[in-house]
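J.: Next one to model:
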Amino acid sequence: MLILRLIFLIVYYWSLKIMAKQELTTMVTLGRPFRLGMLYDMRSDMLIPGVTLWDPENLNKNTRKSKQSKTDFEIITEDSFQKKAHALGVEASLKLSLVGGLINVEGSAKYAEDYQKTNHVTRLTLKYSVTTEFEELTMKHLGIGKLDHPDLHDIDLATHVVTGVLHGADAFIVFDRTVSHNENKKDISGKLKVMIDKIPLFTINAEANLSLTEQEKSVANNLNCKFYGDFRLNANPSTFAEAVNLYRELPILSNKSGNAVPKRVWLYPLSLLDNKANRIVRDISSKLVDYSMLVMENLHSLEIAALDLSNSEIFTRFDHMKNHLLDFTMLLSGFQRDLKEKIALYLPKLRGNTNVGESVLFDVFKQVDSSPFNQRKLKSWLEEERQVIGLLTALVENINKHNISNIMIKSSSLDGVNFDMKYDYIFCLSLRFMEENDPQLSDMHNYLYDNSNFTLSTNPQKRKVWFKDHRVIAKIRKNLQQFVEFAKANNVENGTIKFIVDGEYSVDGVKSAELILYSDGLEQEGFIIPSKPDAPYAKNVTNNSVKLGWADAANGTEKIEKYKVMYWEYSDETLVAVCACPCQNNGICSAPNTCTCTDSWTGATCTTPVCTSPCQNNGTCSAPNTCACTASWTGATCTT
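T.: Numbers count the residues shown, from 1 in each chain. Down below sits the predicted model:
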């Protein structure tokens, strides 16, 4: 008895959902060319062009029109799909059709496809909406036996017929403002909203210049504008001033013929015209729609976060490390595309009178949680990449602050320096922080493209984060310090040793920063860099001599051939540094054999000129802020 009651409730529930689609339905057009009397298939959200159940004369004779003037103004502060759908009037399972690509949007509905490509932009959108006229079919020819073409009714082409159309036009003006690292995104967004709120109130003087405050001008000058609308324009606005001018013209444009398009339609079930055409259209639960949208939104936001990371400044030096992030975004994009294709495949079947139930589409999205594309795994991987980038950036900044001219920091720099014959030795700090075949990326690839090679772990272990291992970090710090000290000690002009910081993939998954010496292009195995010895101290002092002593270097003593002792000259109770090679161009000997140069010069003895603006097109810095250009170029920086 209980089972029979349960079956009855299930049948009753589905009958209610089916009945919901056997009544008059309304929806937005999304730029599609609806007309009265056209057929529509709600299973696939497809408009059937060129086919009507009545002759044009009959349609025109039974059409009623009425004025319906209304204007709305709205500011959209978020860029999510749900907010876009709400602004466009998209409801229920029509969202899934839009995401799945079942609908080709046009006009103002193109706004749904415009997503931010970075989180370093604040975006606000101004929506202008106007309705002009409503037209509908009368009831005289809606009934059994009143069809001009009943044969079309019997063909399973469609589920509904268009019986009402609301005309008007929408416009979306999108304002984007890039936010720099020293700006607060929330503050910029607030200032931008204040400006957009004022758009209907802005006055334009005789020269057509906006009356803006200095602060508003600063914000406006850095805005990018895009337009999506149903209005015919000579040119789309690209600046704030042009957007304001357009907004002032929109009421005039909306009254011109040709600018009103179908905005919303009313659909009448064909089954109510003739019981023979009982074409079932199932409703899609809001739970499935919301869950699907949440998964898609999360994947998209992670893709944008990865793209932002891939544009980190550090990758101008270590471009090979950028590949992981680009692979990540490519795989995410492919996975989203795969989900959209499945929506497009199952949604018409789910809505139609088939054996495909809602659970099929639910399972598609639930499987995401048990795949390498689940949100927790993706977020964790991205956060690790972000922290590695931060560590790498801090390491490079630490090296740069020592102003050692003999250090080159760049991926694959070893390849180029190896063929430079003026260097007998190359000393390399090899940063090995990333794996060539990242396990997470491999899992994502196999799951998406080669599912047979993907095995879901039944007991997944938390990935060990190497940069939280204090022993690993301590060794990296020690090698970095030794590298910098050794480079300082050998920072001489025309030297035969070159120092480079190179990026390579880790070996056997072990993350490290290795010190490697190359002699004549060959790696010297077992080389240990001599650590800096302790400061010397006086063991015995006589009238004409001082006997010194010091603790030996902690590492690399077997490679030390001699020590060089430098001294300070004592003069009038003032210690004076002695430089073997005199400092040139007003440089000062600030420490033994160390020159402190003016801003215009650099090098061991201040003989290399500095050009604050780099010389371009093979020009060379021949004097302070003076470029010597090739025969093909001229100008201060050889750019003319």
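J.: need the next SSE after the strand or helix carrying residue 446, C-terminal direction.
T.: Residue 446 is part of helix 439-449, with elements assigned from DSSP states H and E. Where DSSP H and E defines the elements, the next helix or strand beyond helix 439-449 is helix 470-489.
J.: strands paired with the next helix or strand along the chain from that next one, and their directions?
T.: Note on helix 470-489: by DSSP H and E, the next helix or strand toward the C-terminus is strand 497-505. Here strand 497-505 is paired, per DSSP bridges, with strand 407-409 (parallel), strand 425-434 (parallel).
J.: now the angle from strand 497-505 to helix 470-489?
T.: 150 degrees (axes from the mean of the first three to the mean of the last three C-alpha atoms, to 10 degrees).
J.: Now the very next helix or strand once past strand 497-505: buried residues?
T.: Toward the C-terminus, strand 497-505 is succeeded by strand 512-519 as the next helix or strand (DSSP H and E). Residues of strand 512-519 classed as buried: 512, 513, 514, 515, 516, 517, 518 (neighbour count, 16 or more other C-beta atoms under 10 Å). C-beta: built from backbone N, CA, C; applies to glycine.
J.: Please tell me how far residue 127 sits from residue 308.
T.: 27 Å (C-beta to C-beta, to the nearest Å).
J.: more neighbours, these two?
T.: Shown here are residue 127 and residue 308; by other C-beta atoms under 10 Å, residue 127 has more neighbours (19 against 16).
J.: so how far is stretch 402-416 from its chain's centroid?
T.: 30 Å (C-alpha atoms, centre = their mean, to the nearest Å).
J.: Tell me how many other residues surround residue 632.
T.: Residue 632 has 8 nearby residues by other C-beta under 10 Å.
J.: Name the next helix or strand downstream of the helix or strand bottoming out on mean pLDDT in the chain, please.
T.: When each helix and strand of the chain is scored by mean pLDDT, DSSP states H and E, helix 2-20 comes last, with a mean of 40. Using DSSP H and E, the helix or strand that follows helix 2-20 in sequence is strand 25-28.
J.: From the contact counts, what lies against the helix or strand just after that next one?
T.: Per DSSP H and E, the first helix or strand lying C-terminal to strand 25-28 is strand 38-41. When contacts are defined as 3 or more C-beta pairs under 8 Å, 6 or more residues apart in numbering; DSSP states H and E, strand 38-41 packs onto strand 46-52, strand 160-178.
J.: Going by mean pLDDT, which of these comes out lowest?
T.: Ranked by mean pLDDT, these end with strand 46-52 at the bottom, a mean of 87.
J.: helices or strands up against that strand?
T.: Short answer (3+ C-beta pairs under 8 Å, 6+ apart): strand 46-52 packs on strand 38-41.
J.: The strand it packs on: which residues count as buried?
T.: Buried, per 16+ other C-beta under 10 Å, within strand 38-41: 38, 39, 40, 41.
J.: repeat for stretch 528-536
T.: Buried, per 16+ other C-beta under 10 Å, within stretch 528-536: 529, 530, 531.
J.: low-scoring pLDDT stretches of the stretch 301-450 of the chain, where are they?
T.: Scanning the stretch 301-450 of the chain for pLDDT under 70 picks out 413.
J.: can we see that at 50?
T.: Scanning the stretch 301-450 of the chain for pLDDT under 50 picks out no residues.
J.: what do you get for the stretch 101-250 of the chain?
T.: 203, 205-208.
J.: try 90 this time
T.: With pLDDT under 90 as the threshold, the stretch 101-250 of the chain has low-confidence stretches at 137-159, 180-184, 187-188, 191, 194-222, 232-235, 239-242, 244-245, 247-250.
J.: Would you map the helices across it?
T.: Under the criterion DSSP state H, counting those that start in this stretch, the stretch 101-250 of the chain contains helices at 150-154, 185-197, 214-220, 240-254.
J.: now what about stretch 219-228, what contacts it?
T.: Here stretch 219-228 makes contact (C-beta atoms under 8 Å, 6 or more residues apart in numbering) with 107-111, 114, 171-178, 188, 191-192, 195, 210, 212, 233, 236-243, 246.
J.: for that stretch, which positions count as buried?
T.: Result for stretch 219-228 [16+ other C-beta under 10 Å]: buried residues 219, 220, 223, 225, 226, 227, 228.
J.: Ok, stretch 251-271 next?
T.: Using 16+ other C-beta under 10 Å as the burial criterion, the residues of stretch 251-271 that qualify are 253-254, 259-271.
J.: What is the neighbour count of residue 136?
T.: 17.
J.: Can you give me the neighbour number for residue 447?
T.: Look at residue 447: counted by other C-beta under 10 Å, it has 19 neighbours.
J.: ok, for it, nearest residue in space, not its chain neighbours?
T.: Excluding its sequence neighbours, the residue lying closest to residue 447 (C-beta to C-beta, 6 or more residues apart in numbering) is residue 454, at 4.6 Å.
J.: Contact partners for the one you found?
T.: 372, 443, 446, 447.
J.: Which of those residues has the largest number of neighbours?
T.: Of the contacts of residue 454, with other C-beta under 10 Å as the count, residue 372 tops at 22 neighbours.
J.: helix or strand for that one, which one?
T.: Here residue 372 is assigned to no helix or strand, by DSSP H and E.
J.: from what I can see it touches residue 444, true?
T.: Yes: with contact defined as C-beta atoms under 8 Å, residue 372 reaches residue 444; the gap is 4.6 Å.
J.: so which of the helices of the stretch 101-250 of the chain comes closest to residue 342?
T.: Closest of the helices of the stretch 101-250 of the chain to residue 342 is helix 150-154, at 31.9 Å (criterion: C-beta to C-beta).
J.: how much distance is there from the one helix or strand residue 300 maps to to the middle of the chain?
T.: Assessed by DSSP H and E, residue 300 sits inside helix 286-310. Computed by C-alpha atoms, centre = their mean, the separation of helix 286-310 from the middle of its chain amounts to 12 Å.
J.: Check which helices and strands it sits against.
T.: Helix 286-310 makes packing contacts with helix 81-88, helix 94-99, helix 322-351, helix 358-369, helix 375-400 when contacts are defined by 3+ C-beta pairs under 8 Å, 6+ apart.
J.: Please identify the most buried of these.
T.: Greatest average neighbour count among these goes to helix 94-99 (a mean of 23), per mean count of other C-beta atoms under 10 Å.
J.: Let me know how buried the closest residue to residue 639 other than its chain neighbours is, in neighbour terms.
T.: Using C-beta to C-beta, 6+ apart and skipping residues adjacent in sequence, the residue nearest residue 639 is residue 616, 5.1 Å away. Residue 616: 14 surrounding residues under other C-beta under 10 Å.
J.: Make residue 1 into 53 and carry on from there
T.: Right, with 53 as the first residue, what we last looked at is residue 668.
J.: Distance check, residue 668 against residue 652.
T.: The gap separating residue 668 from residue 652 is 20 Å, by C-beta to C-beta.
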